[in-house]
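[1] no sequence on this one, just coordinates:
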């Protein structure tokens, strides 16, 4: 993929949305499992949903500021240190669906996340 930053933003936003949906699906699964076992810890699930929603909103706002290579590098550096399931899933999606498709090998090596 060549570096058209509008296309980069669209790709990142699409992966961000898919990450949000996956986190919601995981929360739903935990909630159903807890109900089945009669040990519902609903505040825990609600807290996870709130964290994922907040992370989604913050990351979405950051993606909209990517306009050049240095902006993309700054975004990936900030994302590399964030903790939590949402960010772990999103970094994996970025590696697979965004970074791996870049033509520039130098840039690709700079923004690839370690597992």
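    Sure thing, it's come through. From a predicted model like this one, the values you see are computed outputs, not experimental measurements.

[2] three-state assignment of residue 83?
    coil (DSSP: H, G, I helix; E, B strand; the rest coil).

[3] and it, how far from residue 69?
    26 Å (C-beta to C-beta, to the nearest Å). C-betas here are computed from N, CA, C, even on glycine.

[4] show me which of the two is the more surrounded one.
    Neighbour totals were compared for residue 83 and residue 69, and residue 69 leads with 16 against 7 (other C-beta atoms under 10 Å).

[5] can you tell me the closest non-neighbouring residue to that one?
    residue 107 (6.5 Å; C-beta to C-beta, 6 or more residues apart in numbering).

[6] contacting residues around whichever strand or helix holds that neighbour?
    Assigned by DSSP states H and E, residue 107 belongs to helix 105-111. By C-beta atoms under 8 Å, 6 or more residues apart in numbering, the residues outside helix 105-111 that reach it are 3, 69, 72, 73, 76, 94, 99, 100, 102.

[7] how far does that helix sit from the chain's center?
    Relative to its parent chain, helix 105-111 has a centroid offset of 18 Å by C-alpha atoms, centre = their mean, to the nearest Å.

[8] let me see the mean pLDDT of it.
    Averaged across helix 105-111, the pLDDT comes to 81.

[9] kindly report the same for stretch 16-32.
    In this model, stretch 16-32 has a mean pLDDT of 88.

[10] mind listing what's buried along that stretch?
    16, 19, 20, 22, 23, 26, 27, 31 (16 or more other C-beta atoms under 10 Å).

[11] wait, which of those is closest to residue 114?
    Lowest distance from residue 114 to those (C-beta to C-beta) belongs to residue 19, with 18.1 Å.
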